[in-house]
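# Mind looking at a prediction? Sequence and model below.
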Amino acid sequence: MPIDKRVATAADALRDVRDEATVFITGFGGAGFANVLLRALCEHGPKDLTLVVNSATHPASLTHELIAAGLVRKVIASSGRGRGAELSPFELLLRDGRIELECVPQGTFAERIRAGGAGIPAFFTPVGFGTDLARGKETRTIAGRDCVLEEAITGDLALVRADIADRYGNLAFRHAQMNFGPAMATAASLTVAEVREAHEAPIPPERVQVPGVFVDRVVAVGG
Amino acid sequence: MPIDKRVATAADALRDVRDEATVFITGFGGAGFANVLLRALCEHGPKDLTLVVNSATHPASLTHELIAAGLVRKVIASSGRGRGAELSPFELLLRDGRIELECVPQGTFAERIRAGGAGIPAFFTPVGFGTDLARGKETRTIAGRDCVLEEAITGDLALVRADIADRYGNLAFRHAQMNFGPAMATAASLTVAEVREAHEAPIPPERVQVPGVFVDRVVAVGG
Amino acid sequence: MPQPLNRDQMAWRAAQDIADGMVVNLGIGIPVLASDHLPAGRDVFFQSENGVIGVGPAAAPDGIEPDLVDAGSRKVTLRPGGSIIDSAWSFAMIRGGHIDVTILGAFEVAANGDLANWDARVPDKGPLVGGAMDLAVGAKATWVIMEHTTRDGRPRLLEACTLPLTAVRCVQRVYTDLAVIDVTADGFIARELLAGMSLEALRARTGAAITPAPGCRPLVAPALGHGG
Amino acid sequence: MPQPLNRDQMAWRAAQDIADGMVVNLGIGIPVLASDHLPAGRDVFFQSENGVIGVGPAAAPDGIEPDLVDAGSRKVTLRPGGSIIDSAWSFAMIRGGHIDVTILGAFEVAANGDLANWDARVPDKGPLVGGAMDLAVGAKATWVIMEHTTRDGRPRLLEACTLPLTAVRCVQRVYTDLAVIDVTADGFIARELLAGMSLEALRARTGAAITPAPGCRPLVAPALGHGG
């Protein structure tokens, strides 16, 4: 049967997401937010989610809707700070102990996700050594560098924003939309991409930035 | 001063390679061998080299010329077996203890090089656990998987074959020519690429497969 | 003793178990022949560890693209929807569990799933491990195609491997010229047995306990290859 | 007391030390202003940790490409020869020592090079570490631009940081509104001192020993920004 990973709606694509899922969400610097999928996930309403997302508070990402809706138990992120002096909904929940935050240096965050998808259970990195974010972590000096042991992150679902998909699930991004997309697509059991256009015809090989091997479902959302 | 990484000849590109250098060489499966650079390196004649190359014996790679010329002290590779029943020059040297071989599973080989370029001094991997190639290595069970600790490989020089370069050192490959090129380009202090064509005009961003940040010199060699 | 399967027939038999939509890596030798014997209409992506995702048929003599090769240095084509990634990412794909099945050649398989397929201890020949260890550990399933016994009649299915291991406890299924065997917590289970061959004859050629599955079926293959 | 440098002047001063051909990452705040003040003809690649290699000038209002942004969410352009990589590779570039210099903002720098720039301990505000730790550890050189003292006059150059660290022993140079300071094995060395300011005045505003370099020069900047 010919492979075709296109599904009609974001709701279809997320129909089997369960409570307590660990969910990767792409987007950084204002590009690549999977907001159509985030809205659909909100409506689907799974509880006690763990989000793996660069920022818990970026105003352009609908991540904050999931959080404000009380669906999130824990966030793994490099940022949990709201803009402005007032506390954001996330910060209020954090202050009240109603949500957990694991704050991770952004490169370690990316590398832990990449490791999760690459079958590398743990790695040593010099980043974070001697800081509060390495507290309690195993350390070792390797080739003269003081390092911290970091573990891979894997998850149940990745929500990825890309520009074009094809029926095989291949993805191509537009500019800085790429950011965490390739790594997150590899680290989740189920990877769903929202794209501007999903084509019947294959993306030319030299334009494929995430092979369809890593992508399970694609939804065309325009925009 | 405008950046321009193009140099006239392979000899120019390799003029400062020294004895005892650790040299990465791309190529796998018959594609991506940096043979013009290998020939030039042979003629330059540095001694006691360590080669990091997928195969010490692939007939289509001039790696064997460096080895036969007696310039190589050690090879790190996933293959050191010659084709056919007769022993290859490399195997004769290996049998006689005149060259050293570190045999590495190909994925661990690629990952150690990638780690070298990525500032990851060491990582745990399940590959090789319980085999002769893991003998003497530290092991650990992580998330239920038995793993081996592997260290990054860095080096002095990478010889990379690509299809197109531009003045900024950006590289684009043709098909499976890519193989170890991106990883090796990141792991060496000095990265030299031989390409079919080196253009004044920039490679379009979406076609760049190795950013010029990782490439120091490019030589157009045709072919 | 009936005629054992030839190489193409073994590859054919394994190919029948490749399901629609699978991502499959085929080892050099007999396994790579499986791509010629997929059931019609089955849509599969063959991954080659040099980074070719969607290896198509071998290139026609007048259509050879010198840089489009697989890990076995064959000049190949790319199927629709195919793409190419670098070696580090290719092995991330392999090690990270994104390959549904790898089909490998082997020297020996043990009843606990241990695999020996990279070092036959030929004196003075250099070692060649390639991507075998990565594939055996990383793929979701590892299947083996090999002759049931060595050329001089010694069994390759053993209590414990005698040759250097490729990986521990990794093989789920073995296709031989005599049988299709699952490797389970209870050891070797024969799911199919060469049509006309007795269980005793199989046991005589197997170096460990082997049990017929309930409903063990006859292994039959169409006429194929030079043995057809 | 002469007029201290303003933000643009501090950024200008740091920009003068960016050499031809360098790969440079600029932090949010004052550092990112340095790209506007490079000496004419200097060919530099600005890397942004979201994977943009070769960040060009900010996009003109009629030329905005919504998905071409830098790590600070600014709509930018791509310079000739620029390209875009994913976050994992971008931080591999950073951590792997492929960035010649990162210029970061900071709260505090210690005489041993320790840097504190991510957590000012504002009550109840969520933490934001971003890529600061990766940049401080990974770049070949880490420079800091910051005001010499806090708003209420306390020194930011200290014997030991009081705020949570970003990285240990990573800062090589600090550009303040009063001085250009190298961080050496012998502690803080002032290479340039605000024109007209006395060494005593600098010492009074510095929380650790600070020594003038042999040939310490006056720090002067052209009229720039709102302070110009």
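Here it is on my side, so go on. Numbers count the residues shown, from 1 in each chain, chains lettered A, B, ... in the order given.
# Could you use CA atoms for every contact and neighbour count after this?
Will do.
# Let me see the ranges of the helices in chain C.
C:7-15, C:30-33, C:87-95, C:132-138, C:199-204 (DSSP state H).
# ok, residues contacting the first one?
Outside of helix C:7-15, the residues that reach it under the criterion Cα atoms under 8 Å, 6 or more residues apart in numbering or on different chains are C:30-39, C:145, C:175-177, C:221-225.
# ok so, going back, and of the helices of chain C, who's closest to C:Leu158?
helix C:199-204 (11.2 Å; Cα to Cα).
# Poorly predicted segments of the chain, please.
Picking chain A for this. Along chain A, no part satisfies pLDDT under 70.
# my question was about chain C
In chain C (pLDDT under 70), the answer is C:226-228.
# For it, which residue gets nearest to chain D?
C:Trp89 (11.1 Å; Cα to the nearest Cα).
# What segments of chain C are strands?
C:23-26, C:45-48, C:52-58, C:76-84, C:101-105, C:108-110, C:115-116, C:141-145, C:157-158, C:171-175, C:179-184, C:187-194, C:210-219 (DSSP state E).
# Please list the residues of chain A that sit near chain C.
A:1-3, A:116-120, A:166, A:168, A:170, A:186, A:202-206, A:208, A:211, A:213-214 (Cα under 8 Å from any Cα of the partner chain).
# one more time with 10 Å
A:1-4, A:114-121, A:166-170, A:186-187, A:189, A:201-214 (Cα under 10 Å from any Cα of the partner chain).
# Any of the residues you listed buried? List them.
A:3, A:114-121, A:166-170, A:186-187, A:189, A:202-203, A:205-214 (16 or more other Cα atoms under 10 Å in any protein chain shown).
# residue at max distance from the center of the chain?
Using chain A here. Distance from the C-alpha centroid of chain A, by Cα atoms, centre = their mean, peaks at A:Gly144 (33.3 Å).
# Please refer instead to chain C.
Most peripheral residue of chain C (Cα atoms, centre = their mean): C:Asp62, 30.3 Å.
# separation between that one and C:Lys75?
Remark: distance between C:Asp62 and C:Lys75 (Cα to Cα, to the nearest Å) = 11 Å.
# ok, back up a step: now the strands of chain C as CSV including mean neighbour count and distance to chain D?
Formatted as CSV, the strands of chain C follow (neighbours: other Cα atoms under 10 Å in any protein chain shown; distance: least, Cα to the nearest Cα, whole Å):
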stretch, mean neighbour count, distance to chain D
strand C:23-26, 24, 24
strand C:45-48, 26, 23
strand C:52-58, 22, 20
strand C:76-84, 22, 16
strand C:101-105, 26, 27
strand C:108-110, 29, 38
strand C:115-116, 28, 34
strand C:141-145, 25, 28
strand C:157-158, 24, 43
strand C:171-175, 24, 33
strand C:179-184, 23, 38
strand C:187-194, 22, 42
strand C:210-219, 15, 47
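# Redo those strands as TSV? Include distance to D:Leu5.
Listed next are the strands of chain C as TSV, based on distance: least, Cα to Cα, whole Å:
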stretch	distance to D:Leu5
strand C:23-26	61
strand C:45-48	59
strand C:52-58	56
strand C:76-84	52
strand C:101-105	64
strand C:108-110	74
strand C:115-116	69
strand C:141-145	65
strand C:157-158	79
strand C:171-175	69
strand C:179-184	74
strand C:187-194	78
strand C:210-219	84
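# Figure out which of these is closest to B:Ala10.
strand C:76-84 (27.9 Å).
# Within the helices and strands, which one has the residue of chain A found nearest chain B?
Relative to chain B, the nearest point of chain A is A:Phe123 (4.0 Å; Cα to the nearest Cα). Secondary structure assigned from DSSP states H and E places A:Phe123 in strand A:122-125.
# Does that strand reach chain D?
Yes - under the criterion of Cα under 10 Å from any Cα, chain D is reached by strand A:122-125 at A:Thr125.
# Could you report the distance from the closest residue to A:Met178 other than its chain neighbours to C:Val32?
Leaving aside its sequence neighbours, A:Met178 sits nearest to D:Asp86 (Cα to Cα, 6 or more residues apart in numbering or on different chains; 5.6 Å). Distance of D:Asp86 to C:Val32, given as Cα to Cα: 33 Å.
# For the two, indicate the residue with more neighbours.
D:Asp86 (23 against 18; other Cα atoms under 10 Å in any protein chain shown).
# didn't that one look like it was pressed against A:Arg174?
No - D:Asp86 is beyond contact range of A:Arg174, at 11.5 Å (criterion: Cα atoms under 10 Å).
# quick one, what contacts residue 142?
Using chain A here. A:124-126, B:120-122, B:151 (Cα atoms under 10 Å, 6 or more residues apart in numbering or on different chains).
# my bad, the chain I had in mind was chain C
With Cα under 10 Å, 6+ apart, C:Thr142 has these contacts: C:25, C:99-104, C:113, C:115, C:135-136, C:169-174.
# The lengthiest helix in chain A and chain B in contact?
Taking DSSP H as the criterion, chain A has its longest helix at helix A:106-118. Yes - applying Cα under 10 Å from any Cα, one finds helix A:106-118 touching chain B at A:111, A:115, A:118.
# Report the inter-axis angle for that helix versus helix B:106-118.
Interaxial angle, helix A:106-118 versus helix B:106-118 (axes from the mean of the first three to the mean of the last three Cα atoms, to 10 degrees): 170 degrees.
# Could you figure out how far helix A:106-118 is turned away from helix C:87-95?
50 degrees.
# that older thread, from C:Ala60, how far off is the residue of chain A closest to chain B?
45 Å.
# got it, and C:Phe91?
Distance from C:Phe91 to C:Ala60, by Cα to Cα: 28 Å.
# what's the closest non-adjacent residue to A:Glu102?
Closest to A:Glu102 by Cα to Cα, 6+ apart is A:Ile76, at 4.7 Å.
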